[in-house]
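Asks: Provided below are the primary sequence and the corresponding predicted coordinates.
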Protein chains: 2
Amino acid sequence: MPLEKPIQPDQPAPTLAEAKAQFINLWGVSGTSWGVSKTLAQVHALLLVSPQALSTEDIMEQLTISRGNASMTVRELIDWGLVYKELRPGERREYFVAEKDMLQVTRCIIAARKRRELDQMKRTLDQLAQLPGNPADADYQAFHTVLSDIQQLADTSDKLLTRLMRAERNWILDKFLKLFL
Amino acid sequence: MPLEKPIQPDQPAPTLAEAKAQFINLWGVSGTSWGVSKTLAQVHALLLVSPQALSTEDIMEQLTISRGNASMTVRELIDWGLVYKELRPGERREYFVAEKDMLQVTRCIIAARKRRELDQMKRTLDQLAQLPGNPADADYQAFHTVLSDIQQLADTSDKLLTRLMRAERNWILDKFLKLFL
DNA sequence: CACAAGTTTCAATAATTATTGAAACTTGTG
DNA sequence: CACAAGTTTCAATAATTATTGAAACTTGTG
């Protein structure tokens, strides 16, 4: 709740905490239009703007979410490769840090979305394209044209995304953009 | 319902109708992982594999959805630029055809997703970056670094998507892929 | 092995999002 | 302008998805 509507500060300029809260809020909203849960995006944002590693307890407190939610969400972020566990010798409690290199973050996000949105579809398309039918039927041929156009498109996207994922920072900035824009 | 579980055909090979039904199903499932409603994706798929234009009535019937749903969904597809109205002289009823050129379809989808996912975020980011704070504070600077990294990333994505949208078929296939893969 | 300090799971519930369907609207025609 | 043949809107409801929180589990230590 303190993160949603920060109290009016004494000085006119917003405090750092407020700015962070707004950022977490923005990321949460954007997250839902990106197809991830609000909480996932918010935890990611919180860790991105935290200089130190945070514990599950910290995350629960700062975002006012339940322990279960925090635990599951952090685990998912680790799966995506966006967050790392930080273990402190002699402490039982686990701490979490976000990957701060935005290029790396982008790679993880592209990889995750590709897995979710593209790979499954390609598998099913391949299967569909195999269904044999009457090849003399004009209607059937039209259907197959649509199908193979989509397959080609999926393949092209796949290649493009794979390439982007492997891209180096300089490659993106220099070769790519300067060449094409 | 006939579209969900097609009855066993007499001949071993699947009928065209079955293959189409499976495609509509696939597209519907993929749609949800792409963040659009199942119905939107299904109506699009249905129109993609229909050689003739279909009326609202046809769509309702073939997908067993309500009139309201069919009406709203078709209107949204028209907004996206994926479907056109076809008016027949002397007829009150409206018919709908899908854009069949997959390159064009891709452009529409990229444009729509960019609008939804990127443009709003860029606007809010710009706003956030303006919030002034204490520039001497190291913590504050770290925050601003994250912010401007994200902005740069958003800008790069924006340019890349804009470029892709304008791309010609041959440009994509030849120059782009052959050069980079 | 008992306990403390944590983490994870998962059934119940809350929140969100999509869909229905009846009423309101639009448009062309006699 | 009344009516027929359609389309659109939108409040109510259904379906889906996210979240809670208590119970089960895990792990290290005396």
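Replies: Received it, and whenever you're ready, just let me know what you need.

Asks: what segments of chain A are strands?
Replies: A:54-55, A:83-87, A:94-98 (DSSP state E).

Asks: can you list the strands that the first one pairs with?
Replies: According to DSSP bridges, the neighbouring strands of strand A:54-55, each with its direction, are strand A:94-98 (antiparallel).

Asks: stretch A:149-162 vs chain B: in contact?
Replies: Yes - shown here: stretch A:149-162 in contact with chain B (CB under 8 Å from any CB of the partner chain) through A:149, A:150, A:152, A:153, A:156, A:159, A:160. For glycine as for every other residue, the C-beta is placed from the backbone atoms N, C-alpha and C.

Asks: state the distance from the last one to residue B:154.
Replies: In this case it means residue A:160. Taking CB to CB, to the nearest Å as the measure, residue A:160 falls 19 Å from residue B:154.

Asks: just name the most buried of the strands of chain A.
Replies: For the strands of chain A, the largest average neighbour count (mean count of other CB atoms under 10 Å in any protein chain shown) is found in strand A:54-55, namely a mean of 20.

Asks: tell me which parts of chain A are close to DNA strand D?
Replies: For chain A, the residues in contact with DNA strand D (CB under 7 Å from any atom of the strand) are A:36-40, A:64-69, A:72-73, A:90, A:92.

Asks: where does whichever residue of chain A sits closest to DNA strand C land on pLDDT?
Replies: The minimum distance from chain A to DNA strand C, using CB to the nearest atom of the strand, falls at residue A:68 (3.0 Å). pLDDT, residue A:68: 97.

Asks: what does residue A:127 give?
Replies: At residue A:127, the pLDDT value in this model is 87.

Asks: pull the helix or strand with minimum mean pLDDT from chain A.
Replies: helix A:179-180 (a mean of 55; mean pLDDT, DSSP states H and E).

Asks: grab the nearest non-local neighbour of residue A:48.
Replies: residue A:98 (4.7 Å; CB to CB, 6 or more residues apart in numbering or on different chains).

Asks: ok, now which ones touch residue A:66?
Replies: Residue A:66 makes contact with residue A:60, according to CB atoms under 8 Å, 6 or more residues apart in numbering or on different chains.

Asks: quick one: the residue located most distally from the centre of chain A from residue B:120, how far?
Replies: Most distant from the centre of chain A: residue A:136, at 45.4 Å, with distances by CA atoms, centre = their mean. Using CB to CB, residue A:136 is found at 50 Å from residue B:120.

Asks: ditto for residue A:94
Replies: For residue A:94, the distance to residue B:120 (CB to CB) stands at 34 Å.

Asks: and residue A:48, by the same measure?
Replies: Distance of residue A:48 to residue B:120, computed by CB to CB: 19 Å.

Asks: which one of these two is surrounded by more residues?
Replies: residue A:48 (24 against 14; other CB atoms under 10 Å in any protein chain shown).
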